[in-house]
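> my questions concern the predicted model and sequence given below.
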Amino acid sequence: MSSAQAALLETQLQQLECHFTWELKKEDANITDLLNRLEEHDKLHLGGKAGVAQTNNSLAFVKYLLGFPTEALGCLQKSEELTKEFRENDCDKWLIVTYGNLAWLQYHMKSYAECESYLEKLRDIAERFPTEPASALHHEVLGEKAWALFKFSRENYERAKECFRKALELEPRDPQWNAGYAFVLHRDESRSCSRPDHSLAVKLLRKAIDTNPDNDELKALLALRLAEFESEYDEAEKLVEKALEGSPNDPRVIRYVGKFFRLYGSVDRSIALLKRALEHSPNSGFIHHQLALCYKSKTISLQKQESRDSPSADAEIRRLRRQRIYHLEKATTLKTDFVIAMIQLAVQYGEDDQLDRAEHQFQEALMKAKEKNEFLQQLYFYYGEFHQYRKRFLPLAINYYKECLKIKHDSIDGKKSVKKLTKIADRDLSKNPQNGRAWGILGFIHKEKGEKIRAIECYEKALLFKSSDEHLSALCELRLSL
């Protein structure tokens, strides 16, 4: 094929709607975790033939990215076969994405005649099923695009929501698109709603259940959402029992039911359910993480008991810590960008006096948290505690508490950092009222809280007792801002 022919062919390929043109960036995804999840979905036959067909489209693209084009081709052939079996005579529009992926893959494998044959199939479908305008997409394509964006990376959630919304404008009662839209809203919506009727996620989960009455995963997710509101707890409890009764062996359902019981019911029942789910989904970082949280809850409960100082209680606490570490190690190995689990593992290493491993884990978590821009404030707080109580190095602890406070002073972790810094400063001032560092800490707290006059007073006292470029710079900045 000449360079001109290849360029023309690639121009035609770029116009297709499929995984190869949807800007699914490898660097945005945890590709190993994504591969594990898609292979698990395929193995569990999630969504029946239609769901497995879509899963294999995404799985094919991941295999291609990992350098396994032959395996990718097998996935696409499986997707085509399942779509034809399930959709029968109504399969053409459902094959648009699959044929697009096949055309691209054959092009990359230098099978140009095969590539052209799939382009011809797509031209035929376009002629028989025109859209108005011609650039518009069928709901079958929009919905599959939305699912692919959603599964691939959190970075794509906004685009996924927009695709689901457009698909539902065309097909408002489609069960797949309603479920997908509810899932992505559940993941993306903040938990700041004061009432359930203010939550779009709750509204969409209800609608999705209406169009998917047998989908117990949706019921379990709605239960978790409703349980956040005291007035809705009874309904949440009924939903979770229905979900468990309807799908007692489905790991997707059990993991959320297990989380519900950990938060609102019985930790032991949660552990039993999650262990059962793990038998079906051994590579689920989510389930391992939930088990670690269960063992943390049991530890806290045991430490509150009067007999906590007995030898048997100490032994049980050590056993529970080992369980937490084991499951957190599994979770972070299976999902290497699981930032919150990485932080929790670092904390556990510290509590187990594995200080070098804890330090290394904190540094790994810090790098990933900055890269993903998530859980950074929580990390700074726990890193501060690690340096204060485990490594006994107060200057670094103060620095990390300050970094935590800089992000947001009135958040949970921000308030905890204020409390830690205030306690450090008050203790130092009770020993020596002329401690410059302590006055500087108080000045910093007031500055971050927007209390400029009080901050200036504290920084002036700090400089009176100890020369500091940091304090002088902060004082000048505050005076200029008035």
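Received it, and whenever you're ready, just let me know what you need. Residues are numbered from 1 along each chain as shown.
> contacting residues around Ala455?
Under the criterion of Cβ atoms under 8 Å, 6 or more residues apart in numbering, the contact list for Ala455 reads Gly443, Phe444, Ile445, His446, Lys447, Ala474, Leu478. For every residue, glycine as well, the C-beta is placed using N, CA and C.
> please repeat the previous calculation with a cut-off of 6 Å.
Neighbouring residues of Ala455 by Cβ atoms under 6 Å, 6 or more residues apart in numbering: Gly443, His446, Lys447, Leu478.
> how many residues are close by the second one?
So the one you mean is His446. Burial of His446, expressed as a neighbour count using other Cβ atoms under 10 Å, amounts to 19.
> mind checking how far Phe20 is from Ala53?
The span separating Phe20 from Ala53 equals 17 Å under the rule Cβ to Cβ, to the nearest Å.
> if you could redo that for Glu403, that was the one I meant.
Counting by Cβ to Cβ, the gap from Glu403 to Ala53 is 48 Å.
> neighbour-wise, which of these two wins?
Neighbour tally, Glu403 and Ala53, criterion other Cβ under 10 Å: the higher count belongs to Ala53, 28 against 17.
> wait, the more buried one touches Ser79, no?
Yes - Ala53 is in contact with Ser79 according to Cβ atoms under 6 Å; the separation is 4.6 Å.
> ok, Ile456 - contacts?
Ile456 makes contact with Leu478, according to Cβ under 6 Å, 6+ apart.
> in the strand or helix carrying it, what's buried?
Using DSSP states H and E, Ile456 maps to helix 452-465. Judged by neighbour count (16 or more other Cβ atoms under 10 Å), helix 452-465 contains these buried residues: Ala455, Ile456, Cys458, Tyr459, Lys461, Ala462, Leu463, Phe465.
> quick one: average pLDDT of the next helix or strand after that helix?
Once the chain leaves helix 452-465, the next helix or strand it forms, by DSSP H and E, is helix 469-481. Taken as a whole, helix 469-481 carries a mean pLDDT of 94.
> in the stretch 51-200 of the chain, where is pLDDT below threshold?
Low-confidence regions of the stretch 51-200 of the chain, defined here as pLDDT under 70, cover residues 192.
> can you give me the helices in the stretch 1-150 of the chain?
Counting by DSSP state H, counting those that start in this stretch, the stretch 1-150 of the chain has these helices, from start to end: 3-14, 31-44, 48-65, 69-87, 96-108, 112-128, 139-152.
> ok, which of these comes nearest Glu230?
Proximity to Glu230 (Cβ to Cβ) singles out helix 139-152 among the helices of the stretch 1-150 of the chain, at 30.8 Å.
> so the closest one versus helix 96-108, what angle?
70 degrees (axes from the mean of the first three to the mean of the last three Cα atoms, to 10 degrees).
> helix 31-44 and helix 139-152, what's the angle between them?
Here helix 139-152 runs at 130 degrees with respect to helix 31-44, directions being taken by the same axes, to 10 degrees.
> ok, residues contacting the longest helix along the chain?
In the chain, assigned by DSSP state H, the helix with the most residues is helix 311-334. Contacts to helix 311-334, defined as Cβ under 6 Å, 6+ apart, come from residues 283, 285, 288-289, 291-292, 295-296, 298-299, 307, 338, 341-342, 344-345, 348, 352.
> one more time with 7 Å
33, 36, 283, 285, 288-289, 291-292, 295-296, 298-299, 302-303, 307, 338, 341-342, 344-345, 348, 351-352 (Cβ atoms under 7 Å, 6 or more residues apart in numbering).
> buried stuff in that helix?
Applying a neighbour-count criterion of 16+ other Cβ under 10 Å, one finds 317, 320-321, 323-325, 327-332, 334 buried in helix 311-334.
> stretch 172-181 too?
The neighbour-count criterion (16+ other Cβ under 10 Å) identifies Asp174, Pro175, Gln176, Trp177, Asn178, Ala179, Gly180, Tyr181 as the buried residues of stretch 172-181.
> between those residues, which sits nearest Ser266?
Distances from Ser266 to the buried residues of stretch 172-181, taken as Cβ to Cβ, are shortest for Ala179 (28.7 Å).
> the closest one: which element?
Element membership of Ala179 [criterion: DSSP H and E] is helix 175-188.
> quick one: list the elements packing against that helix.
Other elements packing on helix 175-188 under the criterion 3 or more Cβ pairs under 7 Å, 6 or more residues apart in numbering; DSSP states H and E are helix 139-152, helix 157-170, helix 200-211, helix 216-226.
> go again using 10 Å as the cut-off
Contacts defined by 3 or more Cβ pairs under 10 Å, 6 or more residues apart in numbering; DSSP states H and E place helix 175-188 against helix 48-65, helix 139-152, helix 157-170, helix 200-211, helix 216-226.
> just the C-alphas of the second one, formatted as PDB.
When you say that, I think you mean helix 139-152. As requested, C-alpha coordinates have been extracted for helix 139-152 and formatted as PDB (Å, rounded to 0.1, in the frame of the first residue of the first chain):
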ATOM      1  CA  HIS A 139     -28.100   5.600  21.000                       C
ATOM      2  CA  GLU A 140     -26.500   2.200  20.600                       C
ATOM      3  CA  VAL A 141     -23.100   3.900  19.900                       C
ATOM      4  CA  LEU A 142     -23.600   6.700  22.500                       C
ATOM      5  CA  GLY A 143     -24.400   4.200  25.200                       C
ATOM      6  CA  GLU A 144     -21.500   1.900  24.500                       C
ATOM      7  CA  LYS A 145     -19.200   5.000  24.300                       C
ATOM      8  CA  ALA A 146     -20.500   6.100  27.700                       C
ATOM      9  CA  TRP A 147     -19.800   2.700  29.300                       C
ATOM     10  CA  ALA A 148     -16.300   2.600  27.800                       C
ATOM     11  CA  LEU A 149     -15.400   6.100  29.100                       C
ATOM     12  CA  PHE A 150     -16.800   5.200  32.500                       C
ATOM     13  CA  LYS A 151     -14.900   2.000  32.900                       C
ATOM     14  CA  PHE A 152     -11.700   3.300  31.600                       C
END
